[in-house]
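Enquirer: based on what follows, work out the 3D shape:
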Amino acid sequence: MTIERLGPVDPIRKYNKTEPVQRTDARGDADSIQLSSEAKVRSELLQAIDQARDIPDIRQDRVAEVRQKLEDPSYINDRIVEAVADEILSVFDIT
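Expert: Model (predicted):
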């Protein structure tokens, strides 16, 4: 029985072969992206939601304005009292 060699004398030599790197000098078009109209609308909606979350629940400028008006004794009269009462009734849907 005879055993013949199947590969080169140095078995690592076949793994050290390097092939020349092929460089592409021609550059293609730059990357681009196109958004659908639905994506644009959703983006605007998300921005509006973020802006609404940033707004404080209580507007301190309006609170100060109303407080100043209530401290003025000439501001509260029958017309103001009736308007406030009507608004309270409409808010609670009382007839």
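Enquirer: ok, the most centrally placed residue in the chain to residue 74 distance?
Expert: Of all residues in the chain, the one closest to the mean position by C-alpha atoms, centre = their mean is residue 46, 5.4 Å from it. Separation of residue 46 from residue 74 (C-beta to C-beta, to the nearest Å): 48 Å. To be clear about C-beta, it is placed using only N, CA and C from the backbone, and glycine gets the same treatment.
Enquirer: tell me the secondary structure at residue 29.
Expert: Under DSSP: H, G, I helix; E, B strand; the rest coil, the three-state class of residue 29 is coil.
Enquirer: do the same with residue 33
Expert: coil.
Enquirer: neighbours of it, how many?
Expert: 4 (other C-beta atoms under 10 Å).
Enquirer: looking at the protein, which helix is longest?
Expert: Using DSSP state H to assign secondary structure, the helix with the most residues in the chain is helix 37-54.
Enquirer: with only the CA atoms kept, save the helix or strand following it in CSV.
Expert: Counting by DSSP states H and E, the next helix or strand C-terminal to helix 37-54 is helix 60-71. The C-alpha trace of helix 60-71 is given here as CSV (Å, rounded to 0.1, in the frame of the first residue of the first chain):
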residue,chain,number,x,y,z
GLN,A,60,-49.2,81.0,35.7
ASP,A,61,-49.7,84.2,33.7
ARG,A,62,-53.4,83.7,33.5
VAL,A,63,-53.6,82.7,37.2
ALA,A,64,-51.8,86.0,38.1
GLU,A,65,-54.1,88.0,35.9
VAL,A,66,-57.3,86.5,37.4
ARG,A,67,-55.9,86.8,40.9
GLN,A,68,-55.2,90.5,40.3
LYS,A,69,-58.7,91.0,39.0
LEU,A,70,-60.3,89.3,42.0
GLU,A,71,-58.4,91.4,44.4
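Enquirer: no further queries at this time; thank you.
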